[in-house]
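Engineer: Structure for this input, please:
(chains A and B)
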Number of protein chains: 2
Amino acid sequence: MDRLDLIRGIKGSDGGKMLLLVMDGLGGLPLETGGRTELESARTPHLDALAAEAVCGLHLPCAAGITPGSGPAHLGIFGYDPFTYNIGRGVLEALGIDFPLKAGDLAIRINFCTLDGQGLVTDRRAGRIPTELNQTLCDKLGAIELEGVETFVRTVKEHRAAVVFRGPELHGGQNDSDPQVVGKPPLEIQSATAEGKRAAALCNAFAARAREILKDDQPANMVLLRGIDRFEHLPNFSEVFGPAAGAIATYPMYRGLARLVGMDVLETGETIETEVRTLGDSLNDYDFFFLHVKKTDSYGEDGNFDSKVHVIEEVDALVPEIRELGVDAIAVTGDHSTPARMKSHSWHPVPTLLWSELCRPDDVTTFGERACNHGGLGVFPAVDLLPRLLANAGWLQKYGA
Amino acid sequence: MDRLDLIRGIKGSDGGKMLLLVMDGLGGLPLETGGRTELESARTPHLDALAAEAVCGLHLPCAAGITPGSGPAHLGIFGYDPFTYNIGRGVLEALGIDFPLKAGDLAIRINFCTLDGQGLVTDRRAGRIPTELNQTLCDKLGAIELEGVETFVRTVKEHRAAVVFRGPELHGGQNDSDPQVVGKPPLEIQSATAEGKRAAALCNAFAARAREILKDDQPANMVLLRGIDRFEHLPNFSEVFGPAAGAIATYPMYRGLARLVGMDVLETGETIETEVRTLGDSLNDYDFFFLHVKKTDSYGEDGNFDSKVHVIEEVDALVPEIRELGVDAIAVTGDHSTPARMKSHSWHPVPTLLWSELCRPDDVTTFGERACNHGGLGVFPAVDLLPRLLANAGWLQKYGA
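Structural biologist: Reported below is the predicted structural model:
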């Protein structure tokens, strides 16, 4: 049985309040053999106290050995199988800049690049042009008109941008025009399927027009198109799982991912403190809250072990304020691991605690990777977290008689 | 590969004796933060000694966060995927009164209800009439004759009864006639599929005749029909897994579930002691025994923590007698959790020990929820228990070369 159908069939309509507190990239590694991870190094008296009353474990984002991107990692903790619901890169790029995608839109990543006189790529990132120049170029490309579709060109950052085509019968799945190596020309975009041929033709037309428009610009005189994807809404979170859901996140990407599953995105500020304040202010409006902390991941990516530790401690200091709100069930976890030692996402399982009056506490009394290995949740698939959170807040009815 | 096909392909024909000892609703919760569960509170020297020689863990009935009914919970520990083999409510009701269902029978739950002069439901349970009155009414309804089917009407308890139609081409999946709220008339039963139309017509004819027959009875002057289901045998336990299987259970429901998978149901008495005696007496007749203890669940449902503890201690006291029988592999577990604190089934994983001369003991030396978290079985799907029990008793051959 499809797991979403299973939950849909037993979902309730009036359980308690839930909080899914996600420290992005929470899982870590010791810098040296015998050392402690970021979470183990952080002084976290409040999270430890919560862990002592909670059931703990580690979730596997996606699957064993798999290092997930932000998209699949979040879908997993939102309860969606990340292999069934695969978000394409073009779509993720558009979500990441808060672009309001509509069902059926075709979303495409753009890399500005440099071509030589023979039309061969000499720099696939055009020397990582400043974001300001990118904006100027996107304004120029905004003038491109294509038969039968609306076109939206948007800056992302440095050499990266996005273009969205809106119109009938747009289907993704084509190759990228990026040749992946320098010394070759951009590739023609082709579709292996009949339904994708119209989109392929539009992409090639867009690239041709971009080349004309940018021919006198330097170093960014061409675009490479990547991750050509059609956007479709996922099954709606509240329709599948029951609770009305609000998302609190400071970064566009995570607001986009929350919107993708139909959560309402709440206005908030830039700090974790403000995010917690927003939680308190919106408590009566939703049953489920996704609260996203970005900087654990950012510092992990930077290889900045100490600053990642510091962000975790900052979250810890806000735990009493969160507990005072009287939320009925709280999960604290990450979407994946981002060990500062690796300066990247990784495959390591992610420490997780699940607290409610009805959780069954285990022997874990500190919140950390090693401690969670002894917890009552064991090492479990990320998609199993949300059903447990729902159960602990009374949102799931009995299955079968 | 289908898991039953996998086992079928490697099953042996002459392993040792196995016992699956199920304390219904065994898993529990502490009454207070920092407290002990029912099993942890019980004085269980013999189960602890067995756990010390066993491999321990906790099984997840059905799936994470899912609270199972008795049907799916038992199918899981019998080795059948409870989502693949879904037992309908009507069938479960008939199994629960030991009704000898045949393949192709249509089984339906009855609620006696009260209608007012306008034919609107005023009480969906007819004031929970005494079981004796229910029997009188069922006798009356037994006179109903329907074209082409045999009809069996049987009392369950209070306002609940069951009716079984036996005849060709009966298919389930119709709506209930229960309007779910008072102030509305019973619903007409309809079938969304062509194959279910004959059964729908029979159900409506039965309801119409029941209304005539009961029109002068008070307060139960009508029936609501629910959970209309066709009964089919599941793949036979011995055919799939190998061993000849005998079931020892004091409650009809669990005898019915055992019969559903083709186990022989053994005559036994009302006490756990008698059940163990039956096990000893039948030891030469079967390779596999399912021994079911009901009262752990009943006291859990009642919220009676201490009595649940006491039943566990009663089972513990019988463990030496069980061990003296020389069974080769013993699993002790529950079908699901029924914490007295919740007065209901719950989603919490179920403590499990698996003993044989060939199990690989872990560090667990007491049988309890927290202790089992540290066991060699980890937290595992319920359907994985039976293959392990079979392996420990030498019933499974090598897979592949």
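Engineer: Any idea what residue A:224 is bridged to?
Structural biologist: Beta-bridge partners recorded for residue A:224 (DSSP bridges): residue A:111.
Engineer: Residue A:191 reaches residue A:202, doesn't it?
Structural biologist: No. Contact between residue A:191 and residue A:202 fails when scored by CB atoms under 8 Å: they sit 10.7 Å apart. C-betas here are computed from N, CA, C, even on glycine.
Engineer: how about the helices of the stretch 301-401 of chain A, start to end?
Structural biologist: Residue ranges of the helices in the stretch 301-401 of chain A, as given by DSSP state H, counting those that start in this stretch, are A:305-324, A:369-372, A:385-392.
Engineer: Within range of chain B, give me the residues from chain A.
Structural biologist: A:1, A:3, A:6, A:10, A:53, A:57, A:358, A:360-363, A:374-380, A:384-391, A:396-401 (CB under 8 Å from any CB of the partner chain).
Engineer: what helix or strand is residue A:59 on?
Structural biologist: Residue A:59 belongs to strand A:55-60 when assigned by DSSP states H and E.
Engineer: In the sheet, which strands lie alongside that strand, parallel or antiparallel?
Structural biologist: strand A:350-356 (antiparallel), strand A:378-381 (parallel).
Engineer: Export the first one to CSV, keeping only CA atoms.
Structural biologist: Extracted C-alpha coordinates of strand A:350-356, given in CSV (Å, rounded to 0.1, in the frame of the first residue of the first chain):
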residue,chain,number,x,y,z
VAL,A,350,20.8,12.4,11.7
PRO,A,351,20.3,12.6,15.5
THR,A,352,16.6,12.9,16.4
LEU,A,353,14.5,13.3,19.5
LEU,A,354,10.8,13.0,19.7
TRP,A,355,9.1,14.3,22.8
SER,A,356,5.5,14.1,23.9
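Engineer: In the stretch 251-400 of chain A, mark out all the strands, start to finish.
Structural biologist: Secondary structure of the stretch 251-400 of chain A (DSSP state E, counting those that start in this stretch): strands at A:264-265, A:288-293, A:329-333, A:350-356, A:378-381.
Engineer: what's the worst-scoring helix or strand of chain A on mean pLDDT packed up against?
Structural biologist: Least confident helix or strand of chain A, by mean pLDDT, DSSP states H and E, is helix A:89-96 with a mean of 89. Judged by 3 or more CB pairs under 8 Å, 6 or more residues apart in numbering or on different chains; DSSP states H and E, helix A:89-96 is in contact with strand A:106-115, strand A:150-157, strand A:160-166, strand A:222-230, helix A:252-260.
Engineer: okay if I get those as CSV plus mean neighbour count and mean pLDDT?
Structural biologist: Listed next are these as CSV, based on neighbours: other CB atoms under 10 Å in any protein chain shown; pLDDT from 0 to 100:
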stretch, mean neighbour count, mean pLDDT
strand A:106-115, 26, 96
strand A:150-157, 17, 95
strand A:160-166, 23, 97
strand A:222-230, 24, 95
helix A:252-260, 23, 91
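Engineer: Not counting sequence-adjacent ones, nearest residue to residue A:79?
Structural biologist: Spatial nearest neighbour of residue A:79, excluding adjacent residues (CB to CB, 6 or more residues apart in numbering or on different chains): residue A:386 at 3.4 Å.
Engineer: what does residue A:162 give?
Structural biologist: residue A:93 (4.6 Å).
Engineer: burial of that neighbour, as a residue count?
Structural biologist: Neighbourhood size, residue A:93 [other CB atoms under 10 Å in any protein chain shown]: 26.
Engineer: burial count for residue A:355?
Structural biologist: Neighbours of residue A:355 (other CB under 10 Å): 25.
Engineer: So for it, what pLDDT did the model give?
Structural biologist: Note for residue A:355: predicted pLDDT of 98.
Engineer: Contacts only, for it.
Structural biologist: A:50, A:53, A:54, A:55, A:329, A:330, A:331, A:332 (CB atoms under 8 Å, 6 or more residues apart in numbering or on different chains).
Engineer: Of the residues you listed, keep whichever come out buried.
Structural biologist: Applying 16 or more other CB atoms under 10 Å in any protein chain shown to the contacts of residue A:355, the neighbour count classes A:50, A:53, A:54, A:55, A:329, A:330, A:331, A:332 as buried.
Engineer: which residues of chain A score low on pLDDT?
Structural biologist: Applying pLDDT under 70 to chain A picks out residues A:1.
Engineer: closest one to residue B:181 among the strands of the stretch 251-400 of chain A?
Structural biologist: strand A:288-293 (28.0 Å; CB to CB).
Engineer: what's the one residue in chain A that gets nearest to chain B in contact with, if anything?
Structural biologist: Relative to chain B, the nearest point of chain A is residue A:387 (3.0 Å; CB to the nearest CB). When contacts are counted by CB under 8 Å, 6+ apart, residue A:387 touches A:7, A:79, A:396, B:63, B:64, B:65, B:66.
Engineer: any idea whether the first one is helix, strand or coil?
Structural biologist: Judged by DSSP: H, G, I helix; E, B strand; the rest coil, the three-state class of residue A:7 is helix.
Engineer: Surely it and residue A:240 touch.
Structural biologist: Yes. Counting by CB under 8 Å, residue A:7 touches residue A:240, with 6.0 Å between them.
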